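make a model of this:
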Amino acid sequence: MFYDPHKYDELEKMIGIAFRNKDLLNNAFIHKSFMNEYKVEKLESNERLEFLGDAVLELVVTDFLYRNYDNQEGELTNFRSALVRGKHLAVISEKLYLGQYLYLSKGEQKSGGDKKSYILANTCEALIGAIYLDQGYEVAHKFINKFILIYLDYILQKGLHIDAKSKFQEMAQATFNITPIYKLIKEEGPDHDKAFTMGVFINEDLITTGVGKSKQIAEQAAAQSALVMKGWDKKKK
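Okay, the predicted model is just below:
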């Protein structure tokens with residue numbers, strides 16, 4: 001243990017979970033940049049916990065949707081995507097102030113890593129993974145229900161589950177008679193943990209960009225951002 005054992009008291013109180021293994025909780029906040037810079041012995045980044053948490057989150061959300069909604073598979077997939085997408089998880093992280101607990105490299109700190117959406121989303125998944133390992137499936141399920149699934153009604157009411165690329169294409173064709181195109185702007189990170197930045201263009205004009213773990217996710221993020229910029233997110237399909 002290389003941290004104040006009381007560092008997470010407020011977080012544990014907020015989420016209603018007292019970790020048995022504080023080192024496991026601490027591990028959820030160790031970003032890969034910190035490990036690359038400091039190489040603290042017997043520590044690892046939160047990537048493995050993130051991998052586990054992603055799977056637990058998807059299972060809990062899928063199970064909930066199957067049991068509570070009679071919609072067709074395609075609609076349920078859209079509901080699930082809206083709940084587990086990085087943008088939504090980043091908002092959850094902000095509400096829980098997870099960014100303030102992150103261990104980051106000096107460079108990542110200077111660039112505002114504790115506020116970057118994809119880092120916050122990954123941290124949320126890592127926390128879920130840590131909860132699952134420390135407390136078991138039921139407690140992880142309660143956490144996801146309390147802090148993530150609770151927003152489903154809001155997501156459906158605002159139409160946030162609607163495929164952003166399809167909606168943006170429809171609006172762009174109706175307004176400009178042009179089909180948007182997407183181009184890779186940048187990719188960062190090792191092969192197992194890439195972060196892609198995709199740009200959405202109308203003609204040759206870059207409208208905005210989006211970031212995600214895959215090009216497809218980044219394209220959806222770019223399309224959603226473009227809908228907001230154009231004010232089209234409030235218009236019905």
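
what's near enough to touch the spatially closest residue to His161 that is not a sequence neighbour?
Setting aside the residues directly before and after it, His161 is nearest to Ala82 in space (C-beta to C-beta, 6 or more residues apart in numbering), at 4.1 Å. No exception for glycine: its C-beta is placed from N, CA and C like everyone else's. Ala82 makes contact with 88, 155, 160-161 under the criterion C-beta atoms under 8 Å, 6 or more residues apart in numbering.

what about Ser45, which SS state?
Following DSSP: H, G, I helix; E, B strand; the rest coil, the label given to Ser45 is coil.

you'd agree it is up against Lys32?
Yes. A contact is recorded between Ser45 and Lys32 when judged using C-beta atoms under 8 Å, the distance being 4.1 Å.

any weak-confidence spans in this protein?
In the predicted model, the chain carries pLDDT under 70 at residues 1-3, 234-237.

and the most centrally placed residue in the chain, how far from Ser214?
Centre of the chain computed as the mean C-alpha position; nearest residue by C-alpha atoms, centre = their mean is Gly86, 2.2 Å away. In this structure, Gly86 and Ser214 are separated by 11 Å, where distance is defined by C-beta to C-beta, to the nearest Å.

residue farthest from the centroid of this protein?
For the chain, the residue at maximal distance from the C-alpha centroid (C-alpha atoms, centre = their mean) is Asn177, at 32.9 Å.

phi, psi of that one?
In terms of degrees, to the nearest 10, the main-chain angles of Asn177 are phi 60, psi 40.

what's the domain layout of the protein?
With automatic domain parsing as the criterion, the domains of the chain are listed as 9-158, 164-231.

distance between the first one and the chain's centre?
In this case it means domain 9-158. Put simply, domain 9-158 sits 7 Å off its chain's centre (C-alpha atoms, centre = their mean, to the nearest Å).

hey, where'd the strands end up in this structure?
With DSSP state E applied, the chain shows strands at 181-188, 195-202, 205-212, listed in chain order.
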